[in-house]
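Visitor: kindly return the folded structure for what I paste below:
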Amino acid sequence: MWLGLVWGFLLFSPDAPEGKTVNTPCENPPSAAPPPRSPRCPATAPLPPRPGHPPGVLPAPRTTWGLRLYFPRRRLGRVPAASGDAPPRSQATPPSPPPQGARPPAAAPRPPLPQWAGPGTRRGAEGARPAGAAGMSALEWFAHKPLGGGIFWIQERFYESGNRANIWLVRGSQRDVVIDAGLGLRSLPDYLRASGLLAPQEGAAPRPLLAVATHVHFDHSGGLQHFEEVAVHSAEAAALLRGDNYEAVTWLSDREVARPPRPGWRARHFRVPPVRPSRLLQEGDVISLGDRQLTVMHMPGHSRGSICLHDKDRKILFSGDVVYDGSMIDWLPYSRVSDYVASCQRLMELVDRGLVEKVLPGHFNIFGAERLYRLASNYISQAGVCHKVSTCAMRSIASIALRITNSRVTS
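Guide: The predicted model follows:
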């Protein structure tokens with residue numbers, strides 16, 4: 001009886017209810033009183049607000065069902081093409097009809113675009129084309145926001161899911177690095193070139209581009225196929241090389257992709273293809289970009305090859321799925337609670353030593369050192385015997401579901 005209830009809970013999870021306020025990764029979290037800080041945790045200045053992105057109320061979402069591999073299935077919405085949010089459906093009032101014989105009112109001018117750059121600002125730009133027989137272009141699929149200091153935040157606009165990963169471009173004087181690559185339904189290098197993000201300085205040669213996967217889960221590694229240079233931790237290199245979609249936990253539904261990348265595309269055909277990594281990463285390796293260095297930190301727990309990249313000089317941590325501002329997932333194939341506890345202890349040490357001020361995670365919003373400390377310490381405090389038992393049961397069910405799903409895709 002209990003197994004049936006657990007199975008039903010995992011397989012069937014509705015979206016967020018109508019009127020629920022949620023924050024997309026390009027919005028500011030709602031204001032709240034700061035959490036109590038541990039005496040060991042140094043105070044950090046809050047991140048400045050991002051203008052043009054107030055939190056909004058989502059309209060009634062479509063009900064979708066599926067295995068909750070990462071996060072509750074809530075409609076995050078596309079990267080906005082205009083500032084502000086539409087009123088919820090329950091509050092919208094229908095316009096009154098114009099008097100007989102009167103001209104219809106002219107359409108209101110479109111609000112200015114916010115900081116996110118996408119096809120709305122680049123219609124007619126080189127490389128852009130309308131979606132037709134060949135599908136949409138990379139310029140339509142992606143959008144980006146500059147964060148300053150040579151860092152750009154990139155997202156897949158039409159992948160409307162809590163699994164939508166953050167993609168980070170870090171530009172250096174001698175090399176550029178892309179941290180995680182998304183699903184790969186459109187070419188990320190094509191987007192970077194067409195949008196001018198890889199343009200060298202006047203008179204300088206183009207810089208090499210390296211794609212680094214923080215781990216090989218499908219929402220982070222699907223786009224590695226489009227890069228010539230790929231780096232991944234050695235613990236997951238074999239899975240990437242053979243295109244192991246079981247270890248990649250590939251689970252994608254048509255309803256999560258609001259606009260298919262090409263006619264006839266179906267989520268059931270999606271697979272992470274085999275990719276031969278050109279560089280195997282280990283704990284302590286340094287990726288040199290010329291004027292900045294990224295240090296590899298092996299942080300298993302979420303997956304066996306999960307890594308963080310630490311910019312020590314700027315005190316920035318690219319955390320992948322090791323930590324983000326949400327529930328940490330430790331019940332997937334090759335997840336391990338004891339490894340996760342050790343990784344969280346390392347995260348707390350980074351804060352104690354004042355080595356991190358800003359975290360750029362694999363999902364959701366950017367946050368600071370105080371929030372990092374609290375997320376890591378909360379996980380450790382909850383990782384008791386009951387948590388380990390429930391995690392083991394959930395991992396078994398998730399493993400069976402992934403085996404069945406990926407065997408259907410293969411056949």
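Visitor: neighbours of residue 400, how many?
Guide: 11 (other CB atoms under 10 Å). The C-beta positions use only the backbone N, C-alpha and C, and glycine is treated the same way.
Visitor: now name the helix or strand holding it.
Guide: Here residue 400, judged by DSSP states H and E, is contained in helix 385-410.
Visitor: where does this protein dip in pLDDT?
Guide: 1-134, 203, 407-411 (pLDDT under 70).
Visitor: hmm, residue 300 is touching residue 341, no?
Guide: No - with contacts counted by CB atoms under 8 Å, residue 300 stays clear of residue 341, the gap being 10.7 Å.
Visitor: more crowded one of the two?
Guide: More neighbours surround residue 300 than the other of residue 300 and residue 341, with 22 against 15 (other CB under 10 Å).
Visitor: from residue 340, how far out is the more buried one?
Guide: In this structure, residue 300 and residue 340 are 8 Å apart, going by CB to CB, to the nearest Å.
Visitor: ok, residue 211 - contacts?
Guide: 177, 178, 181, 223, 224, 227, 229, 230, 231 (CB atoms under 8 Å, 6 or more residues apart in numbering).
Visitor: quick one: secondary structure of it?
Guide: With DSSP: H, G, I helix; E, B strand; the rest coil as the basis, residue 211 sits in strand.
Visitor: same thing with residue 205?
Guide: coil.
Visitor: against residue 239, how distant is residue 315?
Guide: For residue 315 relative to residue 239 (CB to CB), the value is 32 Å.
Visitor: between those two, point out the one with more neighbours.
Guide: A count of neighbours by other CB under 10 Å puts residue 239 above the other of residue 315 and residue 239, at 23 against 15.
Visitor: tell me who's in contact with the more buried one.
Guide: 216, 247, 248, 305.
Visitor: now name the helix or strand holding it.
Guide: Using DSSP H and E, residue 239 falls in helix 237-242.
Visitor: could I have the CA atoms of that helix written out in PDB?
Guide: Presented in PDB, the C-alpha positions along helix 237-242 are these (Å, rounded to 0.1, in the frame of the first residue of the first chain):
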ATOM      1  CA  ALA A 237      33.700  11.000 -18.500                       C
ATOM      2  CA  ALA A 238      32.800   7.400 -19.400                       C
ATOM      3  CA  ALA A 239      29.100   8.200 -19.100                       C
ATOM      4  CA  LEU A 240      29.400  11.200 -21.400                       C
ATOM      5  CA  LEU A 241      31.500   9.200 -23.900                       C
ATOM      6  CA  ARG A 242      29.000   6.400 -24.300                       C
END
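Visitor: give the next helix or strand downstream of it.
Guide: strand 279-281.
Visitor: who are the packing partners of that following strand?
Guide: Contacts defined by 3 or more CB pairs under 8 Å, 6 or more residues apart in numbering; DSSP states H and E place strand 279-281 against strand 230-233.
Visitor: restricting to C-alpha, output the strand it packs on in CSV.
Guide: This file holds the C-alpha atoms of strand 230-233, laid out as CSV (Å, rounded to 0.1, in the frame of the first residue of the first chain):
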residue,chain,number,x,y,z
VAL,A,230,34.7,19.9,-23.7
ALA,A,231,35.8,19.3,-20.1
VAL,A,232,34.1,17.1,-17.5
HIS,A,233,35.2,15.5,-14.2
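Visitor: and it, what does it pack onto?
Guide: Using 3+ CB pairs under 8 Å, 6+ apart: strand 230-233 touches strand 209-212, strand 279-281.
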